[in-house]
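> Curious how this folds, go ahead:
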Amino acid sequence: MTTLKSTLQEDLNAAIKARDELRSSTLRLTLAAIQKEEVAGKEKRELSDDEVQKVIAKEAKKRREAAEAFEQGGRAEQAEREKAEGVVLDAYLPKQLGDDELEQIVAAAVAEAAGAGAEGPRAMGAVMKIVNPKVAGRAEGGRVAATVKKLLAG
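Below is the predicted model of the structure:
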């Protein structure tokens, strides 16, 4: 049984042997972020695959935000590098939900919350509690929140 972390380590070794600089540096930074998370807190612990996935998702989000910032700053070459690193990390994440799928899940949660007596914009928290476990790792929180707001408003 291989864990996600060991898969990352094996892929890093393969990238180093293949002299793939982009892939090896991206995986090195990701493994460093995982190790940092493992030693954070009072005692060292081994992260589960779900926790490793969350770290990878956080790293991928950093790459997307950096690419946007570099584009706005007129540094296209750096933006392309960040986007390429994001693509490498996306290969280790579950497939993201499409807008239609996300909207269906949120619509069902809105109906469920309305059945429990929560309606209108004040139902945001109740709906998010229902939706988050269903979409964990497959949709960004900001995207989910925007969809919930849209469906609650109209």
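> alpha carbons only for contacts and neighbour counts from here, please
Noted.
> residues in contact with the spatially most central residue of the chain?
Centrality entry for the chain: nearest residue to the mean C-alpha point is residue 57, 3.0 Å, by Cα atoms, centre = their mean. For residue 57, the contact set (Cα atoms under 8 Å, 6 or more residues apart in numbering) comprises 89-90, 93, 137.
> which of these has the most neighbours?
Greatest neighbour count in these, by other Cα atoms under 10 Å, goes to residue 89: 23 neighbours.
> where's it relative to residue 43, distance?
Residue 89 sits 28 Å away from residue 43 when distances are taken as Cα to Cα, to the nearest Å.
> Likewise for residue 97?
Taken as Cα to Cα, the span from residue 97 to residue 43 is 35 Å.
> returning to that earlier point: and the residue nearest to the centre of the chain, what helix or strand is that in?
helix 49-72 (DSSP states H and E).
> Okay, strands next: where are they in this structure?
In the chain, no strands are defined using DSSP state E.
> what stretches of it score poorly on pLDDT?
Applying pLDDT under 70 to the chain picks out residues 1-2, 117-118, 120-121, 154.
> let's see it at 80
Residues of the chain that meet the criterion pLDDT under 80 lie in 1-2, 94, 96-99, 102, 110-127, 135-142, 151-154.
> which ones are touching residue 4?
By Cα under 8 Å, 6+ apart, residue 4 lies in contact with 49, 52-53.
> Residue 86 now?
Contact analysis of residue 86 by Cα under 8 Å, 6+ apart lists 60-61, 63-64.
> closest to residue 151 among the residues you listed?
Nearest to residue 151 out of the contacts of residue 86 is residue 61 (Cα to Cα; 25.0 Å).
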